[in-house]
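K.L.:
Got a sequence here, can you model it:
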Amino acid sequence: MSEILPPQPFLQQPGPILDVRSPGEFEKAHIPGAVNFPLFDNDERAAVGTCYKQQGRDQAVELGLEFVGPKMASLVKQAKAIASQADADIAATSPPPPSSLRIHCWRGGMRSSSVAWLLKTAGLQVNLLEGGYKAYRQWVRHTVTQSRPIWILGGMTGTGKTLVLHALAELGEQVLDLEGLANHRGSSYGNVCLPPQPSTEHYENLVAQQWKAFDPSRRVWIEAESRLVGRCRVPPELFEQMEQSPVLEIQRQQEERITLLETIYGEADHQELIEATQRIGRRLGPQNTKTAIEAIREGNLAPAIALALNYYDKAYTYDLERRSVPRYPLDVAGLTPLETATALLEQAQQREAAPENR
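P.N.:
Residues are numbered from 1 along each chain as shown. Predicted coordinates:
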């Protein structure tokens with residue numbers, strides 16, 4: 001018999017997650033790691049929805065059956081292949097466990113229950129998400145409200161904050177890389193050399209998945225960000241926690257920062273860099289913008305980076321100074337990311353052990 005589970009137990013169950021919504025719904029956002037297993041394609045879903053509105057439920061169900069009938073054998077074969085692959089990926093047991101699949105649609109209605117019936121009839125073990133993807137989204141909203149002890153990693157553009165976050169993770173620290181999840185570095189140049197960004201909805205799903213996995217008794221490191229990372233909005237509930245958290249600010253000389261940024265953007269397409277520079281042209285001023293673009297065209301990135309840093313340094317300083325939270329600077333000139341991460345850990349431990357923080 002199929003089990004109908006609330007979001008948290010559903011997510012904790014083993015086995016692949018089959019999202020039976022249409023490809024368009026799935027592409028917009030989905031449970032991280034889920035496989036799109038559509039009962040209807042985009043056109044079929046639209047047709048069934050129109051039929052429901054114009055002719056009623058019974059006619060819409062009949063139309064849906066017309067669409068699904070020819071697909072039933074194919075759906076079973078696909079599901080068995082997915083389940084078999086999942087079993088092969090699990091450490092071998094004797095005898096092997098029965099194939100188990102987790103299924104959901106938008107509201108936990110006819111699409112998921114119909115697919116569950118079909119796959120159960122074919123001998124597969126199935127669990128259903130109570131309330132569907134809509135209930136999962138409510139779980140996301142609740143998850144990002146949960147409190148965690150946060151340290152904000154501050155530092156001007158080019159101080160290597162992302163590299164330091166990765167080093168902190170190597171040292172066993174809990175790290176939430178908001179820029180990594182967003183495929184964006186947070187500036188006008190942030191999408192250069194990176195894949196397309198997810199939707200804000202899917203971004204929230206990715207953030208919630210990591211946030212739930214963190215031990216609530218241990219600190220979490222997050223890079224200082226604005227509300228938007230490119231086009232992705234940081235969940236407001238999490239951003240509020242970030243705004244109230246202490247900041248450890250790493251500092252490097254501008255020359256060192258320029259060298260690091262040259263390494264990051266040195267292989268980038270010059271036209272992409274020019275377009276990114278033009279997007280902040282109003283802030284740079286016409287002459288500085290022209291100078292920066294000419295430098296990029298000549299392949300001499302250092303002068304262009306220096307001009308961009310003048311703008312970003314002012315913006316960063318303004319953002320950091322508006323926060324009424326403890327702020328601790330740390331000079332890391334010449335230190336590697338791992339050495340910087342070690343120094344940050346020592347600072348955090350000292351601050352946490354201070355009498356006022358006990």
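
K.L.:
as a whole number, average confidence for stretch 343-351?
P.N.:
On average, the pLDDT along stretch 343-351 is 95.

K.L.:
Would you mind listing the buried residues in that stretch?
P.N.:
Buried positions in stretch 343-351, judged by neighbour count with 16 or more other C-beta atoms under 10 Å: 343-345, 347-348. All C-beta spots, glycine's among them, are computed from the backbone N, C-alpha and C.

K.L.:
cool, stretch 103-119 as well?
P.N.:
103-106, 108, 111-116, 118-119.

K.L.:
ok, residues contacting it?
P.N.:
Residues from elsewhere that reach stretch 103-119 (C-beta atoms under 8 Å, 6 or more residues apart in numbering): 2, 4, 10, 17-21, 25, 31, 37, 39-40, 61, 64, 68, 72, 75-76, 79, 101, 126-136.

K.L.:
Closest one of the buried residues of stretch 343-351 to residue 312?
P.N.:
Minimum distance to residue 312 across the buried residues of stretch 343-351 is 21.7 Å, recorded for residue 344 (C-beta to C-beta).

K.L.:
so that closest one touches residue 247, yeah?
P.N.:
No: contact criterion C-beta atoms under 8 Å: residue 344 and residue 247 do not qualify, at 11.3 Å.

K.L.:
Residues that sit against both of these two, list them.
P.N.:
Common neighbours of residue 344 and residue 247 (C-beta under 8 Å, 6+ apart) are 151, 153.

K.L.:
count of residues packed around residue 166?
P.N.:
Using other C-beta atoms under 10 Å, residue 166 is surrounded by 16 other residues.

K.L.:
so it is in which element?
P.N.:
Assigned by DSSP states H and E, residue 166 belongs to helix 161-170.

K.L.:
residues of that helix that come out buried?
P.N.:
161-168.

K.L.:
what's the closest of the residues you listed to residue 154?
P.N.:
residue 161 (7.8 Å).

K.L.:
Now do the same contact list for the closest one.
P.N.:
Per C-beta under 8 Å, 6+ apart, neighbours of residue 161: 153-155, 223-224, 250.

K.L.:
could you dump the residues you listed to CSV with pLDDT and distance to residue 277?
P.N.:
Formatted as CSV, those follow (pLDDT from 0 to 100; distance: C-beta to C-beta, whole Å):
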residue, pLDDT, distance to residue 277
153, 97, 26
154, 95, 25
155, 94, 22
223, 96, 23
224, 93, 23
250, 97, 26
